[in-house]
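Undergrad: Next come a sequence and a model predicted from it.
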Amino acid sequence: MNLRKEAERRVDAKIDFQENLYKYLIVNLIIAVISIYFLQSFWLLFFVMFFWGIGVLEKFFKAYPFKDIVSPNYRENMIQKEISKMGD
């Protein structure tokens with residue numbers, strides 16, 4: 001795969017996650033205020049937080065994959081990154 005296309009895909013996934021996270025926080029804050037002042041219960045807030053939170057976690061794992069951490073050459077990749085930082 002083209003390196004630029006892969007980088008664009010990763011950036012798009014990170015932007016998508018960040019946008020979804022901001023919406024999640026804002027909507028849950030609004031629902032919390034509504035729950036406190038009008039409903040006097042938090043069942044709606046917990047329901048939305050739980051199920052939408054699963055979706056946010058899914059986007060997180062797509063945007064920040066952990067396959068690099070569990071790969072067999074993880075240590076070598078970290079060494080190469082550190083060497084490149086030291087050369088700058």
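TA: Yep, that arrived. In this text the structure is predicted, and so the values were computed from the model without any measurement.
Undergrad: Residue 17: neighbouring residues, count only.
TA: Residue 17: 19 surrounding residues under other CB atoms under 10 Å. In this view, the C-beta of every residue, glycine as well, is placed from N, C-alpha and C.
Undergrad: do you know how far it is from residue 28?
TA: Using CB to CB, to the nearest Å, residue 17 is found at 16 Å from residue 28.
Undergrad: element containing the residue nearest the centre of the chain, please.
TA: Nearest to the mean C-alpha position of the chain, by CA atoms, centre = their mean, lies residue 60 at 2.8 Å. Using DSSP states H and E, residue 60 sits in helix 43-63.
Undergrad: Span of stretch 31-43 from start to end?
TA: Stretch 31-43 has an end-to-end distance of 10 Å (CA to CA, to the nearest Å).
Undergrad: where does the chain dip in pLDDT?
TA: Residues of the chain meeting the criterion pLDDT under 70: 1, 67-70, 88.
Undergrad: residue ranges for the helices of it, please.
TA: 3-34, 43-63, 74-87 (DSSP state H).
Undergrad: what's the second one in contact with?
TA: Translated: helix 43-63. Helix 43-63 has contacts (CB atoms under 8 Å, 6 or more residues apart in numbering) with 10, 13-14, 16-17, 20-21, 24, 27-28, 31-32, 34-35.
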